[in-house]
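1. this one's sequence-less:
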């Protein structure tokens, strides 16, 4: 099949699923009738400008590069290294960080653009995360804890 048709299908797959590896993308393409090699998938990723960004259900996924969604590895590592604890009460999540790190942690969370987070407020060593609802807190907590592993 033609490359432009394959690229359109890759675009649909990336927008509909959280694809984290070239192998997963290859399998998703196979399910749509495209028999591609790993090398072809790798070239497609480069040609289409796909990048790894923070996902909602996994650490990283492929996405189209936009300033709004790209979260760099450096800031993700800063978050991981600075978080001491994560706890919640009702729809509020409190993240304790090492001294002076809360602002960077809140910046990271804001850049994730998680739909269940209304906003963050940071102090010196504490970040307050306001979740959209009490019901969304477990999913948000799981995502946050995934970034600390």
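-> Structure's in. What do you need? Predicted model only: the values in this text are computed from it and were never measured. Numbering: from 1, shown residues only.
2. where does this structure have low pLDDT?
-> Counting by pLDDT under 70, the low-confidence segments of the chain come to 1, 58, 65-72.
3. try 90
-> Counting by pLDDT under 90, the chain has low-confidence residues at 1-3, 15-18, 20, 38, 46-78, 110-116, 139, 142-143, 145-149.
4. okay, now the domains of it?
-> Using automatic domain parsing, the domains assigned to the chain come out as 3-64, 73-146.
5. center of the protein - which residue?
-> residue 54 (1.7 Å; Cα atoms, centre = their mean).
6. next, the buried residues of stretch 98-111.
-> Of all the residues in stretch 98-111, those buried under the rule 16 or more other Cβ atoms under 10 Å are 101, 102, 104, 105, 106, 107, 108, 109, 111. Glycine gets a C-beta too; all of them are placed from N, C-alpha and C.
7. after the one helix or strand the fifth one maps to, next one along is what?
-> Put plainly, it is residue 106. Assessed by DSSP states H and E, residue 106 sits inside helix 102-112. Remark: after helix 102-112, the chain's next helix or strand is strand 117-122, criterion DSSP H and E.
8. what's next to that following strand, contact-wise?
-> Residues from elsewhere that reach strand 117-122 (Cβ atoms under 8 Å, 6 or more residues apart in numbering): 102-103, 105-106, 109-110, 127-132, 140.
9. nearest to residue 74, of the residues you listed?
-> Closest to residue 74 out of the contacts of strand 117-122 is residue 105 (13.3 Å), distances taken as Cβ to Cβ.
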